[in-house]
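K.L.:
Return atomic coordinates for the entry below.
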Amino acid sequence: MLSRILSYGLLGIEAYPVEIEVDVRQGLPSMNFVGLADQATKESKERIKCAINNSGFKFPADRITVNLAPADIPKSGPAFDLPIALGLLASSSQINKENLADFIFLGELSLDGGIRPVKGALPIALAVRGKKTPGSPRKLVLPRANAFEAGILEEIQSFGLKSLKEAVYFLSEQNSIPPTKLDLRSLMHDACPQFDFQEVKGQGLAKRALEVAAAGAHNVLMIGPPGSGKTMLAKRVPGIIPDMTLEETLEATQIHSCLGAIPEKLGLITQRPFYAPHHTISDVAMVGGSQIPQPGEISLSHNGVLFLDELPEFRRSVLEALRQPLEEGRIKVSRIQKSLSFPAKFMLVAAMNPCPCGFYTDPHKQCRCNTTRIEKYLSKISGPLLDRIDIHIEVPAIKYKELSSQENPEPSSVIKGRVKKARDIQLRRFKDDGIFANSHMNHKQIKKYCALTEEGQTLLKAAIEELNFSARAYDKILKVSRTIADLAESDAIREEHISEAIQYRSLDRQVWG
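P.N.:
Numbering: from 1, shown residues only. Sure thing, here's the model as predicted:
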């Protein structure tokens, strides 16, 4: 007998339908796969055989052929175990194959018949929801651990099961298990930051710079000696960025889902992602790769923060690979088998020492570096990468008086309120431009929204000529000035806004060397 059962596969973060055909007929006992199945899928025959026998059913001692259609797309992973096992039971007349028609099946089988979680439940649910063909199934049968992910979507019915035996019983008694549903509002409301700026003593200028960066989605580079609090500040940046919208939450969850990185029993990424890869990371791990491309760290940071500590210590190829996603908000990864594009719209927060030993700007410790070493150290960061970082801020060593102060610093919730007001202003401003933050403005939009008064033009001209600013710093100062004006709820960019923006160009002012 021949049975057909519907499942889904993954290509990057996108899902596509896979029709599984299982044919059982008389012949020498064997099980063959066709349809470009990878090694993990081919090995499923041993898992399926043990799972069927240990669940109280009989594995057919016949010639078995399993076809995974479409045959020209490589299939990978163990998610086809459950649909293949159910297809075998249907083809051997142990269950009614007509009960399979209304469902989509996913799941890896253990040897005792249990159903283990798989990757990509949310991308698959999104693909099912987007299917416009009349009569297309809208019911997903998948591991219980993945049911929360698919249950996010109201249009999809998600049934979480824990064993093959339970799946067979469910097909015969379809009202025995209710679909899994999540209350999105309660999940979004429960999101709270793990770190708070109230825990950071001193560093008022750095906190202000990070507030400006969060308000305008500007990339920022912090420069200071070891122990000045750069990492501590960076970890608190996600807590002052406005809460994710439902669309942003689904985008972030989709990426994490295809890598199996969803928090257990939650099913949703509700907080802004924060990733801090080690400086030994490869360019493939950073931007994505593998034979069939998978998302990298920059895609996992989508709608969140990517923190690069010890920026000059990263490989040159890794840093240069960031140029496209910083500019476009996406990364295209090309391999022989496939070229895929992943979202990568993140806020870059980087940190570095002022010199190799770290103490060039420390007034209490002797620097051991000469001018040549400092220039060589700073030259590891290319001009095109610096061109994409709007704010350069110095983070000096903290003084004992500030460290021992009993005053309570401003909490993240207060800063977040000001940032949200500024973001709302930008959303209204750019509602017809297809962007949502000042950092995304092009030259034409800068000219339209960043008009200066005569006094402001005089100040900026003096800054460029006397402080030896580069040409690329001009647009950056205007963008940051616009954000500072938004924080002050000012329609016009005033002199004080420009003056503050000029302070945030440390590297352009050639402080070292």
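K.L.:
Would you state the strands of the stretch 101-250 of the chain in chain order?
P.N.:
For the stretch 101-250 of the chain, the strands defined by DSSP state E, counting those that start in this stretch cover 103-105, 108-109, 115-116, 139-143, 157-161, 220-223.
K.L.:
hmm, who's touching the fifth one?
P.N.:
Read it as strand 157-161. 103, 107, 115, 125, 138-148, 150-151, 167, 170, 177, 179-181 (C-beta atoms under 8 Å, 6 or more residues apart in numbering). All C-beta atoms are positioned from the backbone trio N, CA, C, and that covers glycine.
K.L.:
correct me, but residue 156 touches residue 124?
P.N.:
No: the pair residue 156 and residue 124 does not pass the contact test of C-beta atoms under 8 Å, sitting 9.4 Å apart.
K.L.:
Give me the more crowded residue out of the two.
P.N.:
residue 124 (31 against 22; other C-beta atoms under 10 Å).
K.L.:
In the protein, where is pLDDT below threshold?
P.N.:
185-193, 265, 470-472, 508-513 (pLDDT under 70).
K.L.:
and the top strand by length along the chain, what does it pack onto?
P.N.:
With secondary structure taken from DSSP state E, the chain has its longest strand at strand 14-25. With contacts taken as 3 or more C-beta pairs under 8 Å, 6 or more residues apart in numbering; DSSP states H and E, strand 14-25 sits against strand 2-11, strand 63-69, helix 81-91, helix 121-130.
K.L.:
What residues of it count as buried?
P.N.:
Judged by neighbour count (16 or more other C-beta atoms under 10 Å), strand 14-25 contains these buried residues: 14, 15, 17, 18, 20, 21, 22, 23, 24.
K.L.:
what does stretch 196-207 give?
P.N.:
Result for stretch 196-207 [16+ other C-beta under 10 Å]: buried residues 196, 197, 200, 201, 202, 203, 206, 207.
K.L.:
Closest to residue 506 out of the residues you listed?
P.N.:
residue 206 (11.6 Å; C-beta to C-beta).
K.L.:
distance between the helix or strand containing residue 375 and the chain's centre?
P.N.:
Using DSSP states H and E, residue 375 maps to helix 371-378. The gap between where helix 371-378 is centred and where its chain is centred comes out at 34 Å by C-alpha atoms, centre = their mean, to the nearest Å.
K.L.:
ChimeraX command to pick out the buried ones of the contacts of strand 157-161?
P.N.:
Burial among the contacts of strand 157-161 is assessed by 16+ other C-beta under 10 Å; the matching ChimeraX selection reads:
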select :103,107,115,125,138,140,141,142,143,144,145,146,147,148,150,151,167,170,177,180
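K.L.:
hmm, back to that, when you compare where the longest strand of the chain runs with where helix 81-91 runs, what's the angle?
P.N.:
Strand 14-25 and helix 81-91 are oriented at 30 degrees to each other (axes from the mean of the first three to the mean of the last three C-alpha atoms, to 10 degrees).
K.L.:
Name the next helix or strand downstream of strand 14-25, please.
P.N.:
Next element after strand 14-25 (DSSP H and E): strand 30-34.
K.L.:
packing partners for the longest helix along the chain?
P.N.:
Assignment by DSSP state H gives helix 412-429 as the longest helix of the chain. Here helix 412-429 touches helix 204-216, helix 472-487, going by 3+ C-beta pairs under 8 Å, 6+ apart.
K.L.:
Which residues does the first one contact?
P.N.:
Around helix 204-216, the neighbours that count as contacts under C-beta under 8 Å, 6+ apart are 197, 200, 218-220, 222, 229, 233, 236-237, 240-241, 347, 349, 390-391, 393-395, 409-410, 415, 418-419, 422-423, 426, 437-439, 479-480, 482-484, 486-487, 500, 503-504.
K.L.:
Tell me which residue is most central in this protein.
P.N.:
residue 300 (2.6 Å; C-alpha atoms, centre = their mean).
K.L.:
Next up, phi/psi of that residue, please.
P.N.:
phi -60, psi -30 (degrees, to the nearest 10).
K.L.:
and it, what is it in contact with?
P.N.:
255, 256, 259, 261, 273, 275.
K.L.:
between those residues, which has the most around it?
P.N.:
residue 255 (25 neighbours).
K.L.:
sorry, back to before: for the helices and strands packed on helix 412-429, please prepare CSV with the additional fields distance to residue 52.
P.N.:
Converted to CSV, those look like this (distance: least, C-beta to C-beta, whole Å):
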stretch, distance to residue 52
helix 204-216, 54
helix 472-487, 61
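K.L.:
Ok, which of these comes nearest residue 81?
P.N.:
helix 204-216 (44.7 Å).
K.L.:
Just want the angle from the closest one to helix 412-429.
P.N.:
Using the same axes, to 10 degrees: helix 204-216 against helix 412-429 is 40 degrees.
K.L.:
about what we covered before: got the CA coordinates for the longest helix of the chain in CSV?
P.N.:
Output of helix 412-429 as CSV, limited to C-alpha atoms (Å, rounded to 0.1, in the frame of the first residue of the first chain):
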residue,chain,number,x,y,z
SER,A,412,16.8,52.1,33.2
SER,A,413,13.0,52.5,33.3
VAL,A,414,13.3,56.3,33.4
ILE,A,415,15.8,56.4,30.6
LYS,A,416,13.7,54.0,28.6
GLY,A,417,10.7,56.4,28.9
ARG,A,418,12.7,59.2,27.3
VAL,A,419,14.0,56.9,24.6
LYS,A,420,10.5,55.8,23.8
LYS,A,421,9.3,59.4,23.4
ALA,A,422,12.1,60.1,21.0
ARG,A,423,11.4,56.9,19.0
ASP,A,424,7.7,57.8,18.8
ILE,A,425,8.7,61.2,17.3
GLN,A,426,10.9,59.5,14.7
LEU,A,427,8.1,57.0,13.8
ARG,A,428,5.8,59.9,13.1
ARG,A,429,8.5,61.7,11.1
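K.L.:
just the strands in the stretch 251-400 of the chain please.
P.N.:
274-275, 288-289, 294-295, 305-308, 330-334, 339-343, 347-352, 391-394.
K.L.:
what would those look like in CSV with distance to residue 96?
P.N.:
Formatted as CSV, the strands of the stretch 251-400 of the chain follow (distance: least, C-beta to C-beta, whole Å):
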stretch, distance to residue 96
strand 274-275, 48
strand 288-289, 43
strand 294-295, 38
strand 305-308, 51
strand 330-334, 44
strand 339-343, 39
strand 347-352, 54
strand 391-394, 64
